[in-house]
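>>> show me the folded form of this:
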Amino acid sequence: MGSKPALPIRIAYCIDSFGVGGTELNAVRTAEALDAKRFELCVIHLQKDGPLRSRYKQLGVRMEYFPIQNLYSIGTALQGVRLARFLHCWGADVVQTHDIYTNIFVAPWARLFTRAKILAGRRWLYEAPRPGLVKINRWSNLFAHRILANSKGVADLLSGEEKVPSRKIVEVSNFLDESAFERIDENARSEQRRTWGLPDDAFVVGCVARLSPVKNHGMLLRALANLSSRFHVVLIGDGPSRIELEHLATSLGISSRVHFIGEVLSKINLHQFFDVSALCSNSEGFPNTVIEAMAAGRPVVATAVGGVVDVVKSNSTGILVPPDGVKQLAETLQQFEADPLLCARFGETGQAVVREGFHQNIVIEKLSAIYERLAMFHPASSHNHLVKGDHA
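From the prediction side, this is the model:
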């Protein structure tokens, strides 16, 4: 195993973009939560700017930009050489990749040309920007010392379908800090709902998610069309599906009850403005939005896909429905609207579940221990020593 590593351990923290998405938000929250006395970060990024860049800058961490136009060019190879030289000179102990692009670009260069240990990231099930990237990502797994899965569903996919040895998989969930549990007063809550155009007596079903096809917002709109005029839907997020969803709302005759808020960057847990939180995705690795809803004390109705089933326990913290189960979704929303005590009970249970299993203090310490074991690991050592206790 080797002796205890010198502190701080140097971690090359690799991300594709500074955009607002589940992977990106979890990455920046992790960077903010890590103990600077134990870990020194350098952020390796493939895209130059984005909304979350300022949060890394506020941490005062070193940031290195490696622009690549595509994954298969002379220019990309030159950036790879530059990357390997930088990691070697900086003395990276651990290289952590967070997404499919940094897995593919960073992991091979770091493994072949540096002494750093590679912790690759897998935070999705099947969806990818392009189908061809899925096979290349499987190839890049060969260069990782360990692969971090953010849910049991993702870990099972890695070991089952993708044949990754179980000794290489570590499971570390997404998490929330204490601010996710904080509540604003009722007057401020009511005022925000009015600002969004909601009637005072509206029963609000909210969804915080990127407006993209995999999130299947259309299922929620079709369910709304079968509900009374008291039901309103609030969609927080933006993306390529917005125009299509606006047209769908119009064609269903519910446009006055669908509120497109756009992307909102806020330290306030936005789910507290809803009565119920919904997620209708066709595929999910581990959705931050579900644990955010539970932390806000809101009941959840979600499709039973991927990592959702690892968090939402039906008839305990929420209710699971089948993908494209419009009828079941509408019936569940009616059930919640008719039974405020049920909503309160599910909300209280959900808060307890998140506090006990997905709180920052618990998850960050688990991740920190993995970093330290990787930094102590030497190739001649047994792989089994490293992963003892690392995964469920």
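
>>> looking at it, Glu337 is touching Phe231, isn't it?
Yes: if you go by C-beta atoms under 8 Å, Glu337 and Phe231 touch, sitting 7.0 Å apart. Where C-beta positions appear, they are placed from N, C-alpha and C, glycine not excepted.

>>> those two: which has the busier surroundings?
Per other C-beta atoms under 10 Å, whichever of Glu337 and Phe231 has more neighbours is Phe231, with 22 against 18.

>>> mind jotting down where the strands sit in the stretch 201-350 of the chain?
For the stretch 201-350 of the chain, the strands defined by DSSP state E, counting those that start in this stretch cover 203-208, 231-236, 258-262, 276-279, 300-303, 318-321.

>>> between Glu337 and Phe231, what contacts are shared?
Phe203 (C-beta atoms under 8 Å, 6 or more residues apart in numbering).

>>> what residues are up against Glu246?
255, 260.

>>> what does the pLDDT read for it?
Glu246 carries a pLDDT value of 98.

>>> roughly how far apart are it and Ser159?
41 Å (C-beta to C-beta, to the nearest Å).

>>> equivalent analysis for Phe181, please.
Phe181 sits 33 Å away from Ser159, going by C-beta to C-beta.

>>> where does pLDDT dip in this protein?
Of all residues in the chain, those with pLDDT under 70 make up the ranges 1-6, 378-392.

>>> the stretch 101-250 of the chain: helices as residue ranges?
Secondary structure of the stretch 101-250 of the chain (DSSP state H, counting those that start in this stretch): helices at 132-140, 152-160, 186-195, 217-224, 242-251.

>>> the second one vs helix 132-140, what angle?
Relative orientation of helix 152-160 versus helix 132-140 (axes from the mean of the first three to the mean of the last three C-alpha atoms, to 10 degrees): 70 degrees.

>>> what does the third one give?
Taking the same axes, to 10 degrees, one finds that helix 186-195 is oriented at 130 degrees with respect to helix 132-140.

>>> send the alpha carbons of helix 186-195 over as PDB?
Presented in PDB, the C-alpha positions along helix 186-195 are these (Å, rounded to 0.1, in the frame of the first residue of the first chain):
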ATOM      1  CA  GLU A 186     -44.600  31.400   3.500                       C
ATOM      2  CA  ASN A 187     -45.000  35.000   2.400                       C
ATOM      3  CA  ALA A 188     -41.900  34.900   0.300                       C
ATOM      4  CA  ARG A 189     -43.000  31.500  -1.100                       C
ATOM      5  CA  SER A 190     -46.400  32.900  -2.100                       C
ATOM      6  CA  GLU A 191     -44.800  36.000  -3.700                       C
ATOM      7  CA  GLN A 192     -42.500  33.900  -5.800                       C
ATOM      8  CA  ARG A 193     -45.300  31.800  -7.000                       C
ATOM      9  CA  ARG A 194     -47.300  34.900  -8.000                       C
ATOM     10  CA  THR A 195     -44.200  36.200  -9.900                       C
END
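
>>> which residues touch that helix?
Around helix 186-195, the neighbours that count as contacts under C-beta under 8 Å, 6+ apart are 200, 202, 204, 272-273.

>>> let's have those residues in JSON lines, adding distance to Arg167 and neighbour count.
Formatted as JSON lines, the contacts of helix 186-195 follow (distance: C-beta to C-beta, whole Å; neighbours: other C-beta atoms under 10 Å):
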{"residue": "Asp200", "distance to Arg167": "57", "neighbour count": "7"}
{"residue": "Ala202", "distance to Arg167": "52", "neighbour count": "20"}
{"residue": "Val204", "distance to Arg167": "46", "neighbour count": "19"}
{"residue": "Gln272", "distance to Arg167": "42", "neighbour count": "22"}
{"residue": "Phe273", "distance to Arg167": "44", "neighbour count": "23"}
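
>>> now these as JSON lines including distance to Gly153?
Listed next are the contacts of helix 186-195 as JSON lines, based on distance: C-beta to C-beta, whole Å:
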{"residue": "Asp200", "distance to Gly153": "40"}
{"residue": "Ala202", "distance to Gly153": "34"}
{"residue": "Val204", "distance to Gly153": "29"}
{"residue": "Gln272", "distance to Gly153": "27"}
{"residue": "Phe273", "distance to Gly153": "29"}
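
>>> and the residues you listed, which is closest to Ala33?
Lowest distance from Ala33 to those (C-beta to C-beta) belongs to Gln272, with 21.9 Å.

>>> the closest one touches Met294, doesn't it?
No: between Gln272 and Met294 there is no contact under C-beta under 8 Å: 11.6 Å.

>>> show me what the residue nearest to Ala202 when sequence neighbours are not counted is bridged to.
Nearest residue to Ala202, sequence neighbours excluded (C-beta to C-beta, 6 or more residues apart in numbering): His232, at 4.4 Å. Taking DSSP bridges as the rule, His232 bridges to Val204.

>>> any idea how far Arg53 is from His232?
Counting by C-beta to C-beta - His232 and Arg53 are separated by 34 Å.

>>> ok, how many other residues are close to the residue nearest to Ala304 when sequence neighbours are not counted?
Closest residue in space to Ala304, ignoring its immediate chain neighbours: Leu320 at 4.1 Å, by C-beta to C-beta, 6+ apart. When neighbours are defined as other C-beta under 10 Å, Leu320 has 19 of them.
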